[in-house]
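J.: mind folding the following:
(one chain, ligands or ions: 2)
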Amino acid sequence: MRLKHYTARSMQEGLRLIQKDLGDDAVMLSSKSVVLPDGTKGVEITAAVEKFTPAGNPDRSKKGPLSADEYKAGSRYIAPESVEEKLLTHGITGKVARKISQAIKALEGSGFETEDALEMILGKLINFQIPSKVLTNGRPVVLIGSTGAGKTTTIAKLAVSKVSAKRSIGLITMDNFKIGAKEQIKIFADALQVESRAVKTPQELAKEVAHYKAKQKDYILIDSAGLNPFSKDRMESLQKMLFALDNPYILLVLPANLNMQELANIPYAFKGMELSGIIFSKMDETHYLGGIVNAAIESQLEVCYATDGQNIPQDILELDPKSLARKLLQDIQLPWENK
Ligand SMILES: Nc1nc2c(ncn2[C@@H]2O[C@H](COP(=O)(O)OP(=O)(O)O)[C@@H](O)[C@H]2O)c(=O)[nH]1
Ligand SMILES: [Mg+2]
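T.: Ligands and ions are numbered 1, 2, ... in the order given. Got it, this is the predicted structure:
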């Protein structure tokens with residue numbers, strides 16, 4: 001059994017597509033709202049198909065799920081024990097790795113291929129969200145996190161993508177700490193020809209958000225100063241700023257290349273900030289994804305975006321169960337190792 005994803009403008013159109021492509025035997029597993037490349041709303045439907053020929057079409061000559069032998073002979077089959085080993089190599093906790101391998105074993109009987117089974121399990125364990133839920137019109141989005149986590153760069157990536165999609169944005173920086181931080185946002189805003197503001201106090205922050213709301217900006221993106229999450233004073237002053245906002249969407253930018261213990265600690269340290277979600281940054285600077293998987297599962301914060309490089313705006317991606325499952329099953333290849 002394989003999973004196949006279809007994107008369409010409406011549920012009806014999606015179901016028509018699935019029927020045309022897979023015939024009447026296709027089973028619809030789930031659907032979710034998505035934003036289509038042209039910025040309009042659409043739907044993504046996941047369907048299960050019995051078996052694919054190499055051309056990608058279902059093999060209609062055979063009915064019923066794959067037999068256990070056929071399934072295990074498939075090139076995409078990975079034994080649950082090997083999956084557990086791969087997950088442990090990534091640094092996923094023993095308890096979670098075992099739980100996942102047991103669930104994969106249980107799904108073997110339904111004929112799901114390993115990557116698809118892992119995709120479904122990750123979808124249940126992690127609170128994945130779609131971008132249109134994370135970035136909603138008019139709701140202030142604030143990026144917070146440790147120093148150098150990638151907050152400003154990520155704001156810039158989000159801002160460029162919204163401006164390219166012809167949406168209006170207002171930028172605010174609360175960074176009064178780092179030398180040149182205000183100028184960084186200003187230069188960037190001028191290049192994009194969007195408004196930017198630098199604020200020092202909770203009152204100023206509330207005033208500037210109200211200003212952008214009055215101007216009906218589609219997106220209000222707020223950058224903050226990097227801070228040591230274990231410093232009580234700095235955390236308290238950030239909290240005071242955030243309290244000035246009405247219904248903010250607060251995202252923690254968490255570098256994927258931090259050590260495992262701190263990846264688990266930092267979402268806890270920021271807990272008092274009423275976090276909504278996490279953006280994993282610097283995915284390109286690590287080969288081991290266990291730390292982010294553990295943090296996502298333990299915190300149950302919403303996960304949507306990840307960043308994988310310094311290039312603005314290209315190096316931002318949607319982290320979904322499918323891409324994560326694929327990354328976890330790939331062999332870890334360090335650049336200096338021979339293929
Ligand atoms: N390799 C890599 N570098 C990044 C990524 N995101 C940001 N950076 C770099 O990390 C450094 C700190 O980024 P910055 O956005 O200023 O962090 P901030 O202090 O949280 O605002 C800069 O050199 C960025 O170019 C990423 O996803 N991958
Ligand atoms: Mg910054």
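J.: residue numbers of this protein in contact with ligand 2?
T.: Within the chain, the residues that sit near ligand 2 (C-beta under 5 Å from the ion) are K151, T152. For the C-beta atoms, the positions are set from N, CA and C on the backbone; glycine is no exception.
J.: which strand or helix spans the residue minimising distance to the centre of the chain?
T.: Of all residues in the chain, the one closest to the mean position by C-alpha atoms, centre = their mean is C304, 2.4 Å from it. Here C304 sits within strand 302-307, counting by DSSP states H and E.
J.: which SS class is the closest residue to ligand 2 within the stretch 151-300 of the chain?
T.: Using C-beta to the ion, the point where the stretch 151-300 of the chain gets nearest to ligand 2 is T152, with a distance of 3.3 Å. Three-state assignment for T152 (DSSP: H, G, I helix; E, B strand; the rest coil): helix.
J.: that one touches Q184, doesn't it?
T.: Yes - the pair T152 / Q184 is scored as a contact, 6.1 Å apart, by C-beta atoms under 8 Å.
J.: any shared contact partners between these two?
T.: Counting by C-beta atoms under 8 Å, 6 or more residues apart in numbering, the contacts common to T152 and Q184 are T173.
J.: of the two, who's got more company?
T.: T152 (23 against 17; other C-beta atoms under 10 Å).
J.: now the more buried one: how far from I316?
T.: According to C-beta to C-beta, to the nearest Å, T152 stands 13 Å off from I316.
J.: one more: I266?
T.: Counting by C-beta to C-beta - I266 and I316 are separated by 20 Å.
J.: for R167, same thing?
T.: From R167 to I316 the distance is 16 Å (C-beta to C-beta).
J.: please say which of these two ends up with more neighbours.
T.: I316 (24 against 15).
J.: so what's that one up against?
T.: I316 neighbours (C-beta under 8 Å, 6+ apart): T154, K157, L158, S161, Y305, A306, T307, D308.
J.: picking up where we left off before, which residues sit against the strand holding C304?
T.: 126-131, 133-134, 150, 153-154, 157, 256, 276-283, 296, 315-319.
J.: ranges for the strands of the stretch 1-150 of the chain?
T.: 2-8, 27-35, 41-49, 141-145 (DSSP state E, counting those that start in this stretch).
J.: between the first one and strand 27-35, how big is the angle?
T.: The reference is to strand 2-8. Per axes from the mean of the first three to the mean of the last three C-alpha atoms, to 10 degrees, the angle that strand 2-8 makes with strand 27-35 is 40 degrees.
J.: what angle separates strand 2-8 from strand 41-49?
T.: Using the same axes, to 10 degrees: strand 2-8 against strand 41-49 is 160 degrees.
J.: for strand 2-8, packing partners?
T.: helix 11-22, strand 41-49, helix 114-125 (3 or more C-beta pairs under 8 Å, 6 or more residues apart in numbering; DSSP states H and E).
J.: save these as JSON lines, and put in mean neighbour count, distance to F243 and mean pLDDT too.
T.: As requested, the helices and strands packed on strand 2-8 are exported to JSON lines (neighbours: other C-beta atoms under 10 Å; distance: least, C-beta to C-beta, whole Å; pLDDT from 0 to 100):
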{"stretch": "helix 11-22", "mean neighbour count": "15", "distance to F243": "40", "mean pLDDT": "80"}
{"stretch": "strand 41-49", "mean neighbour count": "19", "distance to F243": "32", "mean pLDDT": "81"}
{"stretch": "helix 114-125", "mean neighbour count": "20", "distance to F243": "32", "mean pLDDT": "94"}
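J.: so what pLDDT did M28 get?
T.: On pLDDT, M28 comes in at 73.
J.: that one bridge partners, please.
T.: A47 (DSSP bridges).
J.: can you check A306 too?
T.: Applying DSSP bridges, one finds that A306 bridges with F280, L317.
J.: which stretches in the stretch 101-250 of the chain count as helices?
T.: All helices of the stretch 101-250 of the chain, identified by DSSP state H, counting those that start in this stretch, fall at 114-125, 131-134, 151-164, 181-192, 202-214, 232-243.
J.: just to revisit the earlier point, out of the contacts of I316, the closest to Y6 would be?
T.: Y305 (22.9 Å; C-beta to C-beta).
J.: now that closest one: how far from ligand 1?
T.: Per C-beta to the nearest ligand atom, to the nearest Å, Y305 is found 10 Å from ligand 1.
J.: do the same with E44
T.: 25 Å.
J.: again, but for R167
T.: Taken as C-beta to the nearest ligand atom, the span from R167 to ligand 1 is 22 Å.
J.: got the confidence number for the nearest residue to that residue once chain neighbours are set aside?
T.: Distances taken as C-beta to C-beta, 6 or more residues apart in numbering put D218 closest to R167, at 4.1 Å, once the chain neighbours are dropped. Looking at D218, its pLDDT reads 95.
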